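**Student:** What follows is a predicted structure for the sequence shown.
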Protein chains: 2
Amino acid sequence: MSDFFIETTKADKVLPTNSRPKFFAFGIPSYTNLGDQAVSLAQRKYIENEFPEYQYIEILEDDNDEGIEAVKKIITSQDIVSFVGGGNMGSLYTNHEAARRKVFSTFVNNLTISFPQSIHFEDTPSGLKEQKLSQEAYGKNRHLFLIARDAQSYHRMQTTFDNQVLFTPDMVLYFKASHYDFKRSGALFVLRHDGEKVVGDSLIDSMKKMLDNNRPLKRTDTVLDTVKRITPINREKLFKEELELFAHQEIVITDRWHAMVFSVLTGTPCLLFGNSYGKGKHAYFDWLEHINWIAYTDEEDLDRIDQQIQRLIKTKEHAYDIRPDFKQLHDLIKLHSKK
Amino acid sequence: MSDFFIETTKADKVLPTNSRPKFFAFGIPSYTNLGDQAVSLAQRKYIENEFPEYQYIEILEDDNDEGIEAVKKIITSQDIVSFVGGGNMGSLYTNHEAARRKVFSTFVNNLTISFPQSIHFEDTPSGLKEQKLSQEAYGKNRHLFLIARDAQSYHRMQTTFDNQVLFTPDMVLYFKASHYDFKRSGALFVLRHDGEKVVGDSLIDSMKKMLDNNRPLKRTDTVLDTVKRITPINREKLFKEELELFAHQEIVITDRWHAMVFSVLTGTPCLLFGNSYGKGKHAYFDWLEHINWIAYTDEEDLDRIDQQIQRLIKTKEHAYDIRPDFKQLHDLIKLHSKK
């Protein structure tokens, strides 16, 4: 790693005290969801490439409370505070939402960036209670900019919060695609086991039977069970291994948004199914519909699914360019750093 | 009308010369597309409601050249220049694109707003030539803000132009919904006759047969042939008449984005089909998917279409709120007016 990050609760003893402007990245995951790990890696690469004048400092979400106290002691007005992007703003993952609230409502005098997120507060008493807590916390920070990574979330953030809302893709789409020369073989099913899962097991079994003509079939998840913990130390290596796994496949069948993103980055044909609140669907239509080797579907008819898969397998890689879509984020940081 | 607009080529003789800040609205249509007319009406209502300190001055696109010369003589740095929103940025409607280029490349020292648009430059030699002309013209204006009304257009604008790009809904969605107490009866087919049409006539005929069980069927288009010309003088009356027509229907079947918008505003069940480049589809998924009485489909299977229509007819009206989604536009004008 080129820079410091906090991994222990001894955070306050090791934070740098030089005069370089700091970019504090809160909410960094240590759990084994490779999608979320890729987001935190992409954020770091983005700031280091685009704004090298900032010293990028990551604070693991595990150390959120201690990290906040440590940062409080050294922060100055030139510094930027941020909370990690992903798909967990709302009432489905209250531990992440609580950590986020605390960061936003603490550093109210600094430019605060909520990296690109999807949002979903459930329309239930407990969901609305969580929403109210977030409205109160976010509302304390007049320098907080929320970034939506899909238009549905953009609408929801604008109608839920009084904060400014920007619109960019998921940070992982900042990575450029690589060309791999592996011989492709087999179908990879990358499927959720969590509360967002909506694709039925019988449909999955039917698709497996359909694709099983001398083709190796594997089932996996972007949440790894082969390691106990992923941190900024080992995430890049694991991310690259995951991309290589994808680059060996003829086709990826998934209900994970980041499995589609990994397919984009590796030129791998991919069919994406929905989750409980449409985050992958919306992000696909917003940013990726023009990329030929991937598609989104709600279809349950096997013949129609088969037609889509056959079409995807035949497509050729082509150039695409998503980086200009990060301009609203870029302009925000640029404007601040000029002050 | 509460304010002046230019309708003759004698524009320079009648422009106001008071000291009030001006909001010049170029590109105002006189042709009989009620969707585009509703856009120009909504823009006026938006500025008059939200920024009453500005004197709103409309310049018909027919008078673009004379209007530009007249405005040049009186414009000051506090004034804002704009070009009308809609779905015609690109190479499909070169007359509108040429008028737009001229406005953007003339008033290069004023805040210039391109009201929410969809964009489509064809990937053909003539399409790319048009795109280059637009890149050159837009590129001359460092104070030009483009606004996309769907995420696909947002991506396309960011990758085509160096200008700042904002993201808001179509201006017609600024209108609040009205409740009508008409007894609903019949199906209204609102269908294109232009180059963007992709829904086949045989599918339309089949849908008509399907819906024709003692139900009055009508076919129309939001482009009127009952009047020769629509201007700021008569557009509001015709717009209200169109909304009343919609409010009498049990179901609207359409490939016109603004027919879906009129259905939203009147609580009328509506099924939207695609056009040649997905502008209605994307705007639907971006802003309207949570509204129960409307839906988008690419379906060609009559049974599935019938199921969707039956579901839509049964839905109840509910509250919705799109106005917060105009915040990026609001902040832009507010920031300028504070200077």
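**Tutor:** Structure received.
**Student:** Could you pull out the strands in chain A for me?
**Tutor:** Remark: strands assigned in chain A by DSSP state E are A:5-6, A:22-28, A:55-60, A:80-83, A:86-90, A:112-120, A:144-148, A:164-167, A:187-190, A:217-220, A:251-254, A:270-272, A:294-296.
**Student:** Now tabulate these in JSON lines and tack on distance to B:Gly86.
**Tutor:** (Each C-beta comes from the backbone N, C-alpha and C, glycine too.) What follows is those, written out as JSON lines (distance: least, C-beta to C-beta, whole Å):
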{"stretch": "strand A:5-6", "distance to B:Gly86": "49"}
{"stretch": "strand A:22-28", "distance to B:Gly86": "40"}
{"stretch": "strand A:55-60", "distance to B:Gly86": "43"}
{"stretch": "strand A:80-83", "distance to B:Gly86": "37"}
{"stretch": "strand A:86-90", "distance to B:Gly86": "33"}
{"stretch": "strand A:112-120", "distance to B:Gly86": "29"}
{"stretch": "strand A:144-148", "distance to B:Gly86": "24"}
{"stretch": "strand A:164-167", "distance to B:Gly86": "21"}
{"stretch": "strand A:187-190", "distance to B:Gly86": "41"}
{"stretch": "strand A:217-220", "distance to B:Gly86": "47"}
{"stretch": "strand A:251-254", "distance to B:Gly86": "37"}
{"stretch": "strand A:270-272", "distance to B:Gly86": "32"}
{"stretch": "strand A:294-296", "distance to B:Gly86": "28"}
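**Student:** Minimum distance to chain B: which of these has it?
**Tutor:** If you check each of the strands of chain A against chain B by C-beta to the nearest C-beta, strand A:164-167 wins as the nearest, at 4.7 Å.
**Student:** Give the other helices and strands that that closest one contacts.
**Tutor:** Packing partners of strand A:164-167 (3 or more C-beta pairs under 8 Å, 6 or more residues apart in numbering or on different chains; DSSP states H and E): strand A:144-148, helix A:151-160, helix A:327-338, helix B:327-338.
**Student:** what's the angle from the second one to strand A:112-120?
**Tutor:** Put simply, helix A:151-160 runs at 110 degrees to strand A:112-120, going by axes from the mean of the first three to the mean of the last three C-alpha atoms, to 10 degrees.
**Student:** swap in the third one?
**Tutor:** Here helix A:327-338 runs at an angle of 160 degrees relative to strand A:112-120 (the same axes, to 10 degrees).
**Student:** coming back round to it: what's the least confident stretch among the strands of chain A?
**Tutor:** Among the strands of chain A, strand A:5-6 carries the lowest mean pLDDT, at a mean of 60.
**Student:** Nearest approach to B:Gly85 belongs to which of the helices and strands packed on strand A:164-167?
**Tutor:** helix B:327-338 (10.2 Å; C-beta to C-beta).
**Student:** Tell me which residues are up against that closest one.
**Tutor:** The list of residues contacting helix B:327-338 from outside it, by C-beta atoms under 8 Å, 6 or more residues apart in numbering or on different chains, reads A:158, A:164-165, B:21, B:47, B:50-51, B:53-54, B:80, B:111, B:113, B:116, B:145, B:147, B:166-168.
**Student:** Which members of these are classed as buried?
**Tutor:** A:158, A:164-165, B:21, B:47, B:51, B:54, B:80, B:111, B:113, B:116, B:145, B:147, B:166-168 (16 or more other C-beta atoms under 10 Å in any protein chain shown).
**Student:** tell me which of those residues is nearest to A:Ala295?
**Tutor:** Distances from A:Ala295 to those, taken as C-beta to C-beta, are shortest for B:Phe167 (24.2 Å).
**Student:** Can you verify my assumption that that closest one contacts B:Ile147?
**Tutor:** Yes: contact status for B:Phe167 versus B:Ile147: in contact at 7.2 Å, counting by C-beta atoms under 8 Å.
**Student:** Tell me, how many residues neighbour A:Lys129?
**Tutor:** As a burial measure, A:Lys129 scores 12 neighbours (other C-beta atoms under 10 Å in any protein chain shown).
**Student:** So for it, what's the pLDDT?
**Tutor:** 98.
**Student:** for chain B, what are the nearby residues on the stretch 101-250 of chain A?
**Tutor:** Taking C-beta under 8 Å from any C-beta of the partner chain as the criterion, the stretch 101-250 of chain A approaches chain B at residues A:150-152, A:154-155, A:158-159, A:164-165, A:167.
**Student:** Among those residues, which one lies nearest to A:Ile74?
**Tutor:** Each of these was scored against A:Ile74 by C-beta to C-beta, and A:Gln164 proved nearest at 26.3 Å.
**Student:** Provide a list of residues in contact with the closest one.
**Tutor:** For A:Gln164, the contact set (C-beta under 8 Å, 6+ apart) comprises A:144-146, B:327, B:331.
**Student:** so how far is A:Arg44 from A:Asp63?
**Tutor:** In this structure, A:Asp63 and A:Arg44 are 17 Å apart, going by C-beta to C-beta, to the nearest Å.
**Student:** One more: A:Leu329?
**Tutor:** 14 Å.
**Student:** Over to A:Thr112?
**Tutor:** According to C-beta to C-beta, A:Thr112 and A:Arg44 sit 18 Å apart.
**Student:** before we move on, what about A:Lys176?
**Tutor:** When C-beta to C-beta is applied, the distance between A:Lys176 and A:Arg44 equals 16 Å.
**Student:** Give me the more crowded residue out of these two.
**Tutor:** Relative neighbour count places A:Arg44 above the other of A:Lys176 and A:Arg44, with 23 against 10, counting by other C-beta under 10 Å.
**Student:** tell me the contacts of the residue most central in space within chain A?
**Tutor:** Among the residues of chain A, the smallest C-alpha distance to the mean C-alpha position (C-alpha atoms, centre = their mean) belongs to A:Gly86, namely 3.3 Å. Counting by C-beta under 8 Å, 6+ apart, A:Gly86 makes contact with A:35-36, A:39, A:115, A:117-118.
**Student:** Would you reformat those as a markdown table and include neighbour count?
**Tutor:** Rendered in a markdown table, the data for those read as follows (neighbours: other C-beta atoms under 10 Å in any protein chain shown):
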| residue | neighbour count |
| --- | --- |
| A:Gly35 | 24 |
| A:Asp36 | 26 |
| A:Val39 | 27 |
| A:Phe115 | 24 |
| A:Gln117 | 25 |
| A:Ser118 | 27 |
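**Student:** I'd say A:Gly27 and A:Val84 touch.
**Tutor:** Yes: with contacts defined as C-beta under 8 Å, A:Gly27 counts as touching A:Val84 at a distance of 3.6 Å.
**Student:** Which neighbours do the two have in common?
**Tutor:** A shared contact of A:Gly27 and A:Val84, defined by C-beta under 8 Å, 6+ apart, is any residue touching both; here these are A:Glu61.
**Student:** looking at the helices and strands packed on strand A:164-167, which is closest to A:Tyr180?
**Tutor:** The minimum distance between A:Tyr180 and the helices and strands packed on strand A:164-167 falls on helix A:327-338, with 28.8 Å, by C-beta to C-beta.
**Student:** Can you point out the buried residues in the closest one?
**Tutor:** Those buried within helix A:327-338 under the rule 16+ other C-beta under 10 Å are A:327-329, A:332-333, A:336.
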